[in-house]
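# from the sequence below, what's the structure:
(2 chains)
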Number of protein chains: 2
Amino acid sequence: MKRLPVQSSRMTYPVVVGADVLAQTGEQLQEIGIKTGTKIAIITDTTVAHLPFVNQLTESLESAGYPFQTLVVPAGDASKSLDVAYGLYQDLISFGMRRQDVVLALGGGVVGDLAGFVAATYLRGVPFIQAPTTLLSHDSSIGGKVGINLPQGKNLIGAFYPPRAVLYDLNTLSYLPERQWVNGMAEVIKHGIIADANLFETLAANPLTVCPPADELEPILTAAMRVKIDVVEGDEREANLRQVLNLGHTIGHAIEQRSNYSLGHGEAISIGMALEARLAEKRGLLTAAHRTLITSVLAAHGLPTQAPADDWHEIKKLIEVDKKHKSDAWTFVLPTAIGQVQIVNDIRPQEVEDVVRESMKGV
Amino acid sequence: MKRLPVQSSRMTYPVVVGADVLAQTGEQLQEIGIKTGTKIAIITDTTVAHLPFVNQLTESLESAGYPFQTLVVPAGDASKSLDVAYGLYQDLISFGMRRQDVVLALGGGVVGDLAGFVAATYLRGVPFIQAPTTLLSHDSSIGGKVGINLPQGKNLIGAFYPPRAVLYDLNTLSYLPERQWVNGMAEVIKHGIIADANLFETLAANPLTVCPPADELEPILTAAMRVKIDVVEGDEREANLRQVLNLGHTIGHAIEQRSNYSLGHGEAISIGMALEARLAEKRGLLTAAHRTLITSVLAAHGLPTQAPADDWHEIKKLIEVDKKHKSDAWTFVLPTAIGQVQIVNDIRPQEVEDVVRESMKGV
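Below you'll find the model as predicted:
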């Protein structure tokens, strides 16, 4: 079990990573100063609620003397809504939650974002614990971004609200369906490309196409989380540095939306990373060898690296509405080596069009 | 015109107080680094929207080159709801508001709390400007507390979200109905009792029963705001010190609720301050002379100082649900002199019952 400290503007919080973390939830809460008797509202979803590790969590709370209540929302992105948040506020009031009581998110990114938003706003903010149960949430659980969707778009409502702790039990990942595992690996690989050549090389030598035992996974996810932690510590409120985490996301997010979310987030950003590597190569920022290596490691994990046939103009429109793009000089995060990226502010739409069109044709 | 700096955890923001501040909104935005061309969403209510100073604000924005849109919500506390917030999110999206664009609250506490909550959560937070137009909001506009109500209670949903600036145009106060003026004076007097004997003595010598000219009002409100600023700078997230601002509120808030809000907030806390002064006197913390002085200055401003006839047990229940009271030893902020208060943690319910019952009987 590893304990990684994360420095946020308000306080330092630990990320606890390893096997059987949930069975020690009570001790972990004591460790961060949550007093016995504090109420814990566990927010989870219909997928997670029936998995065996939920009992490990609740038994640990019980034996440590924390009264708790489990609030279950429907699985899926549609739960990130003001309506579901409103229902949770009602539940917290019924449970008698006060300002010192705790919201604990047990689940993937949807549950973390939703429960985090509720924790950030209920009584102007109550302590919040993230207990991620997906590979993708090794990423989303760190950094304090929480939010819900509006009909017009994702995460339009939210806050920067750091958790008091992240309890990441790697045993929970063995329950993930294969496709979700593979999607999560895209963000792990991304963290390697951004800032950790060793992590990337480990994955290149030994692709993780299925979930390995927790002891094997721990050093890999610890390394991936360290990359994320270093970035968000430098830039909690997403002013600048944090942009590097958008590697693969500018093109990837547009492709994801165009697929109407039939592409998973990891699949879409895998395509995005492959195309943005190509963009970097054409600019002379990345060698052809490194570009090929990036693409082949993604492919070795069962991730797509080619853009599906589509109308470029529709993709372009979506890139334009992206928050970062205010003019015809687009901002992209481009890889310049394995473990190194650069923010480039003067990408012309034509350059992006070229790599997207080539990729669609399979060039 | 005075410019008071307030230090918050994230940045320092100015409180600009004086005559004709709204006519200089454009310059003030430039001063704090809001670039020309930034969109300004003015959120106001049906009472304020038709007052003449709105044009001064919009003309100033226009001539300084800030595109703006005015969003009007119904006047009254019912607008502090998730439904109204949801409508405002839709309006901000329609207006094309991005992360650097500004929400400006033009109005009293309701508008400030609602617009502040929307600003705190839209796109995970956009810059927020408070332009208070009531006397009571000399208090609520400082300190970063924003929030909306649920059917179960007030301000159950919210955030700590400091504004980027407070633009307090004292000319706007001349439009206040007399009763609202008097209610606002209760908080001004409170700030004197808490920490500014000079302010209190000025009001004792020359009670402000109606709104005076801006140049006469400026030093008084500047002093009152300084008290609030000093407190919130020391304790932004309401951990401890900020409790002193609750002078009069523990009893006052219960009486306000019992009146079904037929008592104004200032009227209720005036009664609360009179009774809490009596509680302090009985404890030997405050002299009878000081207690009489507090009551007479409140009365000189047309504020009530006697509890309306009511059932003590109902009042007690409301005090018990107050966030601060976890047991039979209640916490009260008590005056110990003019300009000085103390947090007392061991008040027995019987002591409070005594002063409430005596006050009801007119003792």
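# neighbours of residue A:54, how many?
Residue crowding around residue A:54 was assessed by other C-beta atoms under 10 Å in any protein chain shown; the count is 18. Glycine gets a C-beta too; all of them are placed from N, C-alpha and C.
# just say helix, strand or coil for it.
Following DSSP: H, G, I helix; E, B strand; the rest coil, the label given to residue A:54 is helix.
# next up, the contacts around the most centrally placed residue in chain A.
Geometric centre of chain A, nearest residue: residue A:140, 2.7 Å, by C-alpha atoms, centre = their mean. Residues in contact with residue A:140, defined by C-beta atoms under 8 Å, 6 or more residues apart in numbering or on different chains, are A:108, A:109, A:112, A:113, A:132.
# recalculate using a threshold of 7 Å.
Contacts for residue A:140 (C-beta atoms under 7 Å, 6 or more residues apart in numbering or on different chains) come out as A:109, A:112.
# got it, and residue A:34?
A:102, A:127.
# tell me the pLDDT at it?
What the model reports as pLDDT for residue A:34 is 98.
# could you do residue A:327 as well?
Value listed for residue A:327 in the pLDDT field: 63.
# now swap in residue A:319 and tell me
89.
# you'd agree it is up against residue A:252?
No: Residue A:319 is not in contact with residue A:252 according to C-beta atoms under 7 Å; the separation is 10.5 Å.
# SS state for the closest residue to residue A:204 other than its chain neighbours?
Distances taken as C-beta to C-beta, 6 or more residues apart in numbering or on different chains put residue A:297 closest to residue A:204, at 4.9 Å, once the chain neighbours are dropped. At residue A:297 the chain is in helix, as set by three-state DSSP.
# for residue A:276, give its distance to chain B.
According to C-beta to the nearest C-beta, to the nearest Å, residue A:276 and chain B sit 23 Å apart.
# check whether that residue sits in a helix, strand or coil.
What three-state DSSP gives for residue A:276 is helix.
# tally of neighbours for it?
31.
# residues of the stretch 51-200 of chain A that sit close to chain B?
A:82, A:86, A:89, A:93, A:98-99, A:120-125, A:145, A:147, A:150, A:152, A:156-160 (C-beta under 7 Å from any C-beta of the partner chain).
# residue ranges in chain A under the pLDDT threshold?
Applying pLDDT under 70 to chain A picks out residues A:236-239, A:322-327.
# where do the helices sit along it?
A:25-31, A:53-64, A:82-94, A:109-121, A:137-140, A:178-195, A:197-205, A:214-234, A:249-258, A:265-282, A:288-300, A:312-321, A:349-360 (DSSP state H).
# make TSV from these and add distance to residue B:170 to it.
Putting these into TSV (distance: least, C-beta to C-beta, whole Å) gives the following:
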stretch	distance to residue B:170
helix A:25-31	50
helix A:53-64	54
helix A:82-94	37
helix A:109-121	33
helix A:137-140	47
helix A:178-195	52
helix A:197-205	60
helix A:214-234	43
helix A:249-258	48
helix A:265-282	52
helix A:288-300	62
helix A:312-321	42
helix A:349-360	51
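# wait, which of those helices is closest to residue B:260?
Evaluated over these, closeness to residue B:260 peaks at helix A:82-94, with 20.7 Å, by C-beta to C-beta.
# quick one: residues contacting the residue nearest to residue A:204.
Residue A:297 neighbours (C-beta under 7 Å, 6+ apart): A:189, A:200, A:203, A:204.
# can we see that at 8 Å?
With the criterion set at C-beta under 8 Å, 6+ apart, residue A:297 makes contact with A:189, A:200, A:203, A:204, A:207.
# re earlier: out of the residues of the stretch 51-200 of chain A next to chain B, which end up buried?
Using 16 or more other C-beta atoms under 10 Å in any protein chain shown as the burial test, these include A:82, A:86, A:89, A:93, A:120-125, A:145, A:147, A:150, A:156-160 as buried.
# what's the neighbour count on the closest residue to residue A:359 other than its chain neighbours?
Leaving out its chain neighbours, the residue that sits closest to residue A:359 by C-beta to C-beta, 6+ apart is residue A:307, at 4.1 Å. Other residues near residue A:307 number 26, with proximity taken as other C-beta under 10 Å.
# now do the contacts for residue A:307.
Residue A:307 neighbours (C-beta under 8 Å, 6+ apart): A:251, A:255, A:271, A:275, A:356, A:359, A:360.
# can you do 7 Å?
Per C-beta under 7 Å, 6+ apart, neighbours of residue A:307: A:255, A:271, A:275, A:356, A:359, A:360.
# I'd guessed the fourth one sits against residue A:311; true?
No: proximity of residue A:356 to residue A:311 does not meet the contact threshold set by C-beta under 7 Å, at 10.4 Å.
# those two: which is more packed in?
residue A:356 (23 against 10).
# now that one: how far from chain B?
From residue A:356 to chain B the distance is 25 Å (C-beta to the nearest C-beta).
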